[in-house]
Structure formats: structure tokens, C-alpha cells
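Engineer: have a look; sequence and predicted model below, questions after that.
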Amino acid sequence: MFYVYEMRYDKDTVRASRIECVPFCGKVFELNQDIYKYEYNGAFYPMRVALDVKPYEWFSENGAKLVMKPDVFVLIENHELVGSVGCYGNEVDDLFVCSPYLKKGYGRKLLVWAMNHIRQQGYKEIVLHVAEWNNAAVKLYLDEGFEIVRKDLIEQ
């Protein structure tokens, strides 16, 4: 069992993004799929183990088909994958930063980019879900103006 927060952002403005992400498909996918798989599993593995969410390494060859969509975006700098974020309608999901870029502000940059992208799609309210366990992510989202609107118990 674990708790998940539903968080929402409905303020009038979103601060400007200083990065540009691209859809994770086509050539970008072909060039980065192995590092994406490694970093995705690495980013979510500790949480999945701590919460006993199986499989612990979710991303597999089948998972590749799930992320190769126009809703998943990646940040590439100097021809290297920095991080990724999913924007599904008005929801931010699966935000992660590759290990060499952790603790350098890229999580915040990806979040702000996603918020701007969702607003450009015509949505006012932005929503996300985060495990209560993930203290750093909860703090980031609160710092950026999200509010906790619900706390759900997940029983496996």
C-alpha cells in the first residue's frame, strides 16, 4: 500500500520555459531508445522497489512501443538525452532526468516546459500524480505552484 497525491495547477500564468523538447519518435527514438530504457528504469526503480510495484523495471521492449508516441517529449543537449516528460492532455507524467544531469535543475526545466506545452494545447488546469514517497518531486511540484487536491491509497 502507498499513497498518491493528485496535484493541480490552475493559476493564470506559467513562467516562461528556457528549453525546447522534441517528440520522442522517429530518428530521435532510434538514436536514444537504449539510453532512455536504461535511464527510465533507473529513475523509477528505487520507488517501484520501495513501494513493491512490479515489475520493478517496467520499461522493456514492449514499453518502447508505449513511449514512442507524440505525447512523450525529450530534452537533448549536445546530442545527449537529458530527460523526458509525458504530456497526456492536461496531465504531466513520467518526468525523469538522466543520471548525469541530476541535481542541475533539469527536473524543474522539464516541468516548466511541460506546463507551457499543456497551456499551448488550450488547457487551463494542469494535473499530475505523484507517490507521496517521492519527496523531492512533491517538493518541486509544490514549489512550482501545484496544490495537492487529493490523496489516494493504492492497494496492490
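Structural biologist: Structure's in. What do you need?

Engineer: where along this structure do the strands fall?
Structural biologist: 2-9, 22-23, 72-77, 80-88, 91-97, 126-131, 147-154 (DSSP state E).

Engineer: averaged pLDDT, the last one. What do you get?
Structural biologist: Just to be clear, that refers to strand 147-154. For strand 147-154, mean pLDDT is 95.

Engineer: how close does residue 34 sit to residue 72?
Structural biologist: 16 Å (Cβ to Cβ, to the nearest Å). C-beta coordinates here come from the backbone N, C-alpha and C atoms, glycine included.

Engineer: how about residue 27?
Structural biologist: For residue 27 relative to residue 72 (Cβ to Cβ), the value is 15 Å.

Engineer: so those two - more neighbours on which side?
Structural biologist: Comparing residue 27 with residue 72 by other Cβ atoms under 10 Å, the one with more neighbours is residue 72, at 21 against 8.

Engineer: could you find the closest non-adjacent residue to the more buried one?
Structural biologist: Once flanking residues are discounted, residue 72 sits nearest to residue 24: 4.4 Å by Cβ to Cβ, 6 or more residues apart in numbering.

Engineer: next, count neighbours for the one you found.
Structural biologist: 23.

Engineer: my guess is it meets residue 75, correct?
Structural biologist: No - contact criterion Cβ atoms under 8 Å: residue 24 and residue 75 do not qualify, at 10.2 Å.

Engineer: among the helices and strands of the chain, which has the poorest mean pLDDT?
Structural biologist: helix 61-67 (a mean of 54; mean pLDDT, DSSP states H and E).
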